[in-house]
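**Q** my questions are about this predicted structure, shown below with the sequence.
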Amino acid sequence: MFPVNFSNATLGSDLDLFSSHSWSTLYVLVVRVYLTQGFCVLGMVTSVMCTATFLRQGITDTVNVGLLGLALSDLFSLVTLSWLNVCYEPSFDSLDLPFIPLDVAYLTAGWPHVFFTRITTWITVYITLERCFCIAAPMKVKAVFTPRRTVMYIVGVYLVMLASVFPIYYTARFANKFVPQKNITLLGIVFISDRNDIETVSFHINNILPLTAFILIIVGTAILARKLQQISKWRLKTVALNKSEEMLSRDTKIVKMIVSISTIFILCYLPGTIVFIWMMLDPELRIDGQHSYLFEAAFATLFLLEALNSSVSIFVYLGTSTKFRQTFWISFSCKLEV
């Protein structure tokens with residue numbers, strides 16, 4: 001997700017910002033409440049399955065540690081996105097709730113979702129670059145990339161991403177607010193006076209970070225695919241045929257899995273990168289801008305793609321990793337042993 005600059009937006013009761021664009025309203029509701037929520041449920045189930053499978057395999061392997069971290073960040077990003085979709089649903093807002101759904105979602109769903117998608121992004125960077133290094137310098141990879149260092153990297157990513165969203169939580173506070181439309185006081189959020197200055201800086205940081213990661217993933221995936229092709233040709237020429245086939249079978253399956261994950265990530269997050277650049281060039285592409293209806297439709301699509309990206313990883317693992325497939329079926333097989 002590419003975060004929203006809510007500097008001048010009024011939360012909680014602004015679903016009519018684009019009421020004159022009924023097609024956009026309908027599109028956003030269908031995509032967010034039904035399609036995206038469906039993928040969220042699917043993704044949460046598959047992420048739990050992936051987590052259980054990687055834990056059963058053990059975390060002594062660098063690749064497994066990275067993929068386990070990826071499964072967990074996917075799981076939490078989907079949980080927060082699911083809660084955001086619930087808060088967006090008009091029927092939920094019509095309930096007798098003690099809080100303003102979109103206000104509460106801003107701090108409990110929106111930005112937490114940003115936090116976990118950022119973590120997913122940078123773990124994907126690590127996994128991709130680790131495989132690049134493995135192909136380029138196979139004799140040194142185990143000395144450089146260890147399970148311990150992988151865990152330290154993931155912890156470091158969590159801390160950096162936490163620091164990047166901290167200013168948002170500093171500027172926003174939960175407080176009781178009067179809602180004229182309902183003539184009642186409900187729990188919402190209020191902002192400090194110098195919010196705009198702080199959010200401007202945070203907005204740029206939270207968009208530059210994923211853009212940088214996106215570029216690294218593209219470059220790493222391209223290098224990985226190219227190196228794999230070169231190494232495969234070299235091995236076929238210099239190693240005995242049976243041994244070469246065994247080595248290629250083991251190495252290429254891992255690389256194909258990482259390339260598949262990275263490619264799916266690139267395809268799902270490329271539209272978000274385009275929207276981010278568009279937002280930088282067009283100040284009116286905001287929730288409170290002249291193109292608010294386009295903004296809502298664009299982000300509904302981005303949320304759908306993010307949910308899709310986090311939901312399909314298990315199918316990549318099952319299709320490319322024999323070890324994962326065997327452990328998965330042992331863990332979740334419904335067959336009874338007699």
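**A** Good, I have the coordinates.
**Q** tell me where the model's unsure across the stretch 1-150 of the chain.
**A** Counting by pLDDT under 70, the ranges of the stretch 1-150 of the chain that qualify are 1-21.
**Q** now the strands for the chain?
**A** 172-179, 184-191 (DSSP state E).
**Q** nearest to I223, of those strands?
**A** strand 172-179 (40.9 Å; CB to CB). The way it works is simple: take the backbone N, C-alpha and C, and place the C-beta from them, glycine included.
**Q** pairing partners for that closest one, with directions?
**A** Here strand 172-179 has these sheet partners by DSSP bridges: strand 184-191 (antiparallel).
**Q** burial count for F178?
**A** A total of 10 residues lie near F178 under the criterion other CB atoms under 10 Å.
**Q** got a list of what it touches?
**A** Contact criterion CB atoms under 8 Å, 6 or more residues apart in numbering gives 184-185 as the residues in contact with F178.
**Q** look up how far W122 lies from it.
**A** Distance, F178 to W122, by CB to CB, to the nearest Å: 41 Å.
**Q** could you do F116 as well?
**A** 11 Å.
**Q** overlap of the contact sets of the two?
**A** Joint contacts of F116 and W122 (CB under 8 Å, 6+ apart) do not exist.
**Q** can you get me a residue count around the spatially closest residue to F324 that is not a sequence neighbour?
**A** Of all residues not flanking F324 in the chain, Y317 sits nearest, at 4.5 Å (CB to CB, 6 or more residues apart in numbering). Residues near Y317, counting by other CB under 10 Å, number 24.
**Q** which residue ranges form the helices in the chain?
**A** 22-29, 37-57, 62-88, 90-93, 101-105, 111-136, 141-144, 147-171, 195-238, 241-281, 292-311, 313-320, 322-332 (DSSP state H).
**Q** check the offset of the fifth one from the chain's centre.
**A** Taking CA atoms, centre = their mean, to the nearest Å, the mean C-alpha location of helix 101-105 is offset from the chain mean by 21 Å.
**Q** cool, the first one as well?
**A** Relative to the centre of its chain, helix 22-29 is centred 24 Å away, using CA atoms, centre = their mean.
**Q** in it, what counts as buried?
**A** Using 16 or more other CB atoms under 10 Å as the test for burial, helix 22-29 gives 24-25, 27-29.
**Q** hmm, back to that, list the residues that contact the residue nearest to F324.
**A** Going by CB under 8 Å, 6+ apart, the list of residues near Y317 reads 50, 53, 67, 257, 324-325, 328.
**Q** turn the helices of the chain into a markdown table, columns for distance to I184.
**A** A markdown table is the format used below for those (distance: least, CB to CB, whole Å):
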| stretch | distance to I184 |
| --- | --- |
| helix 22-29 | 25 |
| helix 37-57 | 28 |
| helix 62-88 | 18 |
| helix 90-93 | 13 |
| helix 101-105 | 14 |
| helix 111-136 | 26 |
| helix 141-144 | 59 |
| helix 147-171 | 25 |
| helix 195-238 | 25 |
| helix 241-281 | 34 |
| helix 292-311 | 26 |
| helix 313-320 | 44 |
| helix 322-332 | 48 |
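**Q** returning to what we had before: ok, of the contacts of Y317, which come out buried?
**A** Among these, those classed as buried by 16+ other CB under 10 Å are 50, 53, 67, 257, 324, 328.
**Q** how much space between the third one and P112?
**A** From L67 over to P112 the distance is 22 Å, taken as CB to CB.
**Q** pLDDT weak spots in the stretch 151-300 of the chain?
**A** In the stretch 151-300 of the chain, residues with pLDDT under 70: 228, 230-251, 286-289.
**Q** ok, L267 - contacts?
**A** Residues near L267 by CB under 8 Å, 6+ apart: none.
**Q** I'd guessed C134 sits against K140; true?
**A** No. Applying CB atoms under 8 Å as the test, C134 and K140 come out as separate, 9.2 Å apart.
**Q** more neighbours, those two?
**A** C134 (22 against 11).
**Q** which residue sits closest to P101, ignoring its sequence neighbours?
**A** C87 (3.9 Å).
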